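K.L.:
Here is my input; please provide its structure:
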Amino acid sequence: MPAVRIKDHWREQRLFDQRALVSAAVIGLATVALIVRLFVLQVSRHDYYAELSQGNRVRTEPIPAARGLILDRHGELIAGSQPAYQLELVPEEVPDIDATLAALAQLSLIRAEDVDEIARTIDSSRTFDSVPIRLRMSDEDVARFAVHRFEFRGVDIKTRQTRWYPNAALAVHALGYVGAISEQDLKHIDRSAYAGTSLIGKLGVESAFEQQLHGVNGSREVLVNAQGRSVERQGAFVPRLHSKAPMAGDDLLLSIDLKIQRVAEAALAGHRGAVVALDPNNGDVLALVSLPGFDPTVFGQGITAAEYRALAEDIDKPLFNRALRGTYPPGSTVKPAIALTALTYHVVDPQAHRFCAGSFHLPGSSFIYREYHNEHDDAIARSCDVYFYGLANEIGVDRISGFLARLGFGKPTGIDISGEKAGILPSREWKEKTFARPVDRVWFPGETVSFGIGQGYLTVTPIELAHYASIVATRGKIWRPRLVTAYRDPRSGELHRIAPVSDGEVQGVATEDWQRVVHGMIGVTQRGTAAAIGAHAPYIFGGKTGTAQVFTVARTDKYNASKINERLRDHSWFIAFAPADAPRIALAVLEENGGAGASAAAPIARKVLDAYLLDADGKVKPPS
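P.N.:
Down below sits the predicted model:
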């Protein structure tokens with residue numbers, strides 16, 4: 001049987017040769033392409049790519065803008081800036097953020113209780129941003145970090161501007177404070193605008209005018225080495241570095257008079273309460289006091305969790321802005337408004353005299369509303385409760401509620417900072433919406449009686465009551481309260497005034513009725529409940545005392561302040577405006593649990609009025 005050839009060796013050889021030639025051609029073409037590409041990179045475009053590669057050594061760093069100054073109405077500094085050392089971290093340059101933070105905490109360069117919050121802020125930041133992790137470092141902290149600096153890649157000390165409050169806690173609830181940019185802040189700010197910035201306004205003017213105060217950041221190019229450290233040069237390479245200067249924030253001019261603010265705070269010192277003083281002719285806030293307060297500097301330095309907890313849990317609530325958010329029964333300070341309501345609706349004859357009996361009861365009711373005195377005199381000056389019990393019952397809740405709304409009760413004043421809370425102006429409609437049970441939605445006549453002396457459901461804030469005093473002082477003109485009156489461009493020095501905002505006038509009230517109520521309030525300070533502070537004053541002023549119950553005393557019991565807990569005692573109120581014929585200041589003073597308005601709040605008001613109206617010789621200053 002003949003042999004059979006299984007493989008064709010010659011054919012295989014030819015196929016191999018063909019594949020080898022193709023592979024050689026491909027390799028040859030690739031080599032030629034590589035050589036051409038190398039020629040382009042190394043020869044023809046050498047200068048371009050050399051400059052581009054060297055550019056990778058240049059890093060752009062933000063230059064934070066200086067925060068604008070805050071000044072009082074006379075130019076005295078309230079808030080400024082100071083240089084400070086900050087510890088900052090760039091996330092993309094740190095190999096292990098958790099380990100780095102733990103090591104920094106071990107060296108006491110950051111607080112252990114702050115590590116979790118810092119980590120969350122880092123997670124919320126862009127990886128290339130420099131994130132502040134310690135806002136203010138002492139010289140000792142700087143030295144300790146310098147010794148261990150080589151251990152912390154991506155962490156460095158930066159010189160920044162921090163907020164400085166030369167007057168500590170003075171006017172803090174108007175001013176507000178700045179604090180570290182938090183995880184929540186990062187959700188609603190332009191991160192590029194805050195690059196390199198560690199602080200942001202949190203409350204008050206600092207927050208409401210953050211955009212104006214913040215300014216516009218600049219930038220600079222910095223040459224860095226392989227470790228990311230800035231150097232002056234690398235070998236023969238000297239780059240052309242560019243920079244853009246920052247634009248400082250606007251300076252703000254406040255309406256507050258620090259002299260008046262200091263007097264008001266000193267007069268109220270040691271007590272819980274508020275003082276709000278306004279210029280009734282334009283709404284300028286001359287003083288805004290809420291005590292106790294706190295030093296805002298601790299927030300700019302980086303407050304510890306323990307420090308914040310101590311402030312938040314303090315029984316006296318120093319963080320609470322009583323002037324804007326504290327709601328209290330106004331007591332007898334509402335009586336001028338009730339009287340004006342009665343005059344406007346012709347419920348009462350202004351020439352008639354009524355005997356202020358010792359008690360009052362509604363027709364068909366056995367409940368007795370008692371009075372501490374029963375003098376035959378004008379009701380506002382002597383603050384006769386019995387007179388206003390009957391008057392409120394005659395007017396009716398609908399007309400009282402509607403008229404008090406026109407005087408600003410039950411709504412925010414519209415002051416130019418956030419956080420204001422409105423008091424409660426009760427009415428039939430309000431009660432129907434507020435209570436769930438049908439039986440509780442009914443308005444009872446006895447509630448109208450309490451309404452007439454500023455008790456029951458009616459509540460106000462101190463700024464609301466000062467606003468009301470201002471409206472009465474001007475015989476119905478309504479100006480929106482404001483803290484910021486102007487801003488100054490730090491580059492040109494030009495001052496831009498902000499026009500006051502008028503909210504119109506109270507309509508439908510006769511001029512003679514305004515005068516009757518004002519006359520009654522002058523009577524308060526001349527022969528009435530506040531005669532002790534007003535009878536011998538070098539100027540004539542109108543006022544009204546108020547004593548607001550914190551809890552209800554049983555009908556069979558008599559109120560005795562010495563036998564009850566201090567925090568359950570009556571609140572003390574006083575409202576005033578001066579001079580009576582041409583008012584330049586209107587105010588409201590609240591002393592929590594201070595007792596009678598005449599003995600607690602009224603003397604504080606007199607000190608504030610004197611500080612604003614009198615010169616060094618005790619004479620009334622001419623209008624400015």
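K.L.:
so residue 568 touches residue 550, yeah?
P.N.:
Yes. With contact defined as C-beta atoms under 8 Å, residue 568 counts as touching residue 550 (5.3 Å). C-beta here means a position set from N, CA and C on the backbone, and glycine is covered the same way.
K.L.:
list residues touching both of the two?
P.N.:
Common contacts of residue 568 and residue 550 (C-beta atoms under 8 Å, 6 or more residues apart in numbering): residue 593.
K.L.:
need the contact list for residue 519.
P.N.:
Per C-beta under 8 Å, 6+ apart, neighbours of residue 519: none.
K.L.:
Surely it forms part of a strand?
P.N.:
No. Looking at residue 519 with DSSP: H, G, I helix; E, B strand; the rest coil, it is helix, so not inside a strand.
K.L.:
When residue 568 and residue 550 are compared, which one has more neighbours?
P.N.:
Neighbour totals were compared for residue 568 and residue 550, and residue 550 leads with 15 against 11 (other C-beta atoms under 10 Å).
K.L.:
Quick check: longest helix in this protein by residues?
P.N.:
The longest helix of the chain (DSSP state H) is helix 9-39.
K.L.:
Centre of the chain to that helix, how far?
P.N.:
Here helix 9-39 is found 77 Å from its chain centre; the criterion is C-alpha atoms, centre = their mean, to the nearest Å.
K.L.:
what packs against the host helix or strand of residue 60?
P.N.:
Assigned by DSSP states H and E, residue 60 belongs to strand 58-63. Under the contact criterion of 3 or more C-beta pairs under 8 Å, 6 or more residues apart in numbering; DSSP states H and E, strand 58-63 touches strand 218-223.
K.L.:
Next SSE downstream of the strand it packs on?
P.N.:
Strand 218-223 is succeeded, C-terminally, by strand 243-244 (DSSP H and E).
K.L.:
How many neighbouring residues does the closest residue to residue 273 other than its chain neighbours have?
P.N.:
Excluding the flanking residues, the one nearest residue 273 by C-beta to C-beta, 6 or more residues apart in numbering is residue 591, at 4.3 Å. Neighbour count for residue 591, taken as other C-beta under 10 Å: 26.
K.L.:
cool, the one 5 residues further on as well?
P.N.:
By the criterion of other C-beta under 10 Å, residue 596 has 18 neighbours.
K.L.:
again with residue 27
P.N.:
Using other C-beta under 10 Å, residue 27 is surrounded by 10 other residues.
K.L.:
Contact partners for the residue nearest to residue 273?
P.N.:
So residue 591 contacts 268, 271-273, 571-572, 600-601, 604 (C-beta under 8 Å, 6+ apart).
K.L.:
Same check on residue 140?
P.N.:
With contacts defined as C-beta under 8 Å, 6+ apart, residue 140 has no neighbours.
K.L.:
I'd like the distance between it and residue 202.
P.N.:
Distance from residue 140 to residue 202, counting by C-beta to C-beta, to the nearest Å: 28 Å.
K.L.:
Test my guess that residue 324 contacts residue 419.
P.N.:
Yes. Taking C-beta under 8 Å as the definition, residue 324 is a contact partner of residue 419 at 5.5 Å.
K.L.:
So the two - more neighbours on which side?
P.N.:
Higher neighbour count among residue 324 and residue 419: residue 324, with 26 against 16, using other C-beta under 10 Å.
K.L.:
Report the spatially nearest residue to that one, omitting neighbours in sequence.
P.N.:
Excluding the flanking residues, the one nearest residue 324 by C-beta to C-beta, 6+ apart is residue 420, at 4.6 Å.
K.L.:
didn't that neighbour look like it was pressed against residue 467?
P.N.:
No. Using C-beta under 8 Å, residue 420 is not in contact with residue 467, being 10.7 Å away.
K.L.:
more neighbours, the two?
P.N.:
Counting neighbours by other C-beta under 10 Å for residue 420 and for residue 467 shows that residue 467 has the greater number, 30 against 19.
K.L.:
residues touching the more buried one, list them.
P.N.:
Counting by C-beta under 8 Å, 6+ apart, residue 467 makes contact with 278, 408, 413, 481.
K.L.:
Please name the residues that touch the first one.
P.N.:
The reference is to residue 278. By C-beta under 8 Å, 6+ apart, the residues touching residue 278 are 284-286, 466-467, 469-470, 479, 481, 585-587.
K.L.:
give me every residue that touches the closest residue in space to residue 344 that isn't next to it in sequence.
P.N.:
Nearest non-adjacent residue to residue 344, counting by C-beta to C-beta, 6+ apart: residue 509, 5.3 Å away. Residues counted as contacts of residue 509 (C-beta under 8 Å, 6+ apart) are 340, 343-344, 476.
K.L.:
farthest pair in those?
P.N.:
Using C-beta to C-beta, those span at most 13.0 Å, a distance reached by 343 and 476.
K.L.:
how about stretch 575-591 as PDB, C-alpha atoms only?
P.N.:
What follows is stretch 575-591, C-alpha atoms only, in PDB (Å, rounded to 0.1, in the frame of the first residue of the first chain):
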ATOM      1  CA  ILE A 575     -43.000 101.500  77.100                       C
ATOM      2  CA  ALA A 576     -42.200 105.100  76.500                       C
ATOM      3  CA  PHE A 577     -41.500 107.800  73.900                       C
ATOM      4  CA  ALA A 578     -39.800 111.200  74.300                       C
ATOM      5  CA  PRO A 579     -40.000 114.100  74.100                       C
ATOM      6  CA  ALA A 580     -43.800 113.800  74.000                       C
ATOM      7  CA  ASP A 581     -44.400 116.700  71.600                       C
ATOM      8  CA  ALA A 582     -41.700 115.800  69.100                       C
ATOM      9  CA  PRO A 583     -40.500 112.200  69.800                       C
ATOM     10  CA  ARG A 584     -37.000 111.200  69.000                       C
ATOM     11  CA  ILE A 585     -36.900 107.800  70.700                       C
ATOM     12  CA  ALA A 586     -39.500 105.100  71.500                       C
ATOM     13  CA  LEU A 587     -38.700 102.000  73.500                       C
ATOM     14  CA  ALA A 588     -39.900  98.900  75.300                       C
ATOM     15  CA  VAL A 589     -38.300  97.400  78.400                       C
ATOM     16  CA  LEU A 590     -38.900  93.900  79.600                       C
ATOM     17  CA  GLU A 591     -37.600  92.500  82.900                       C
END
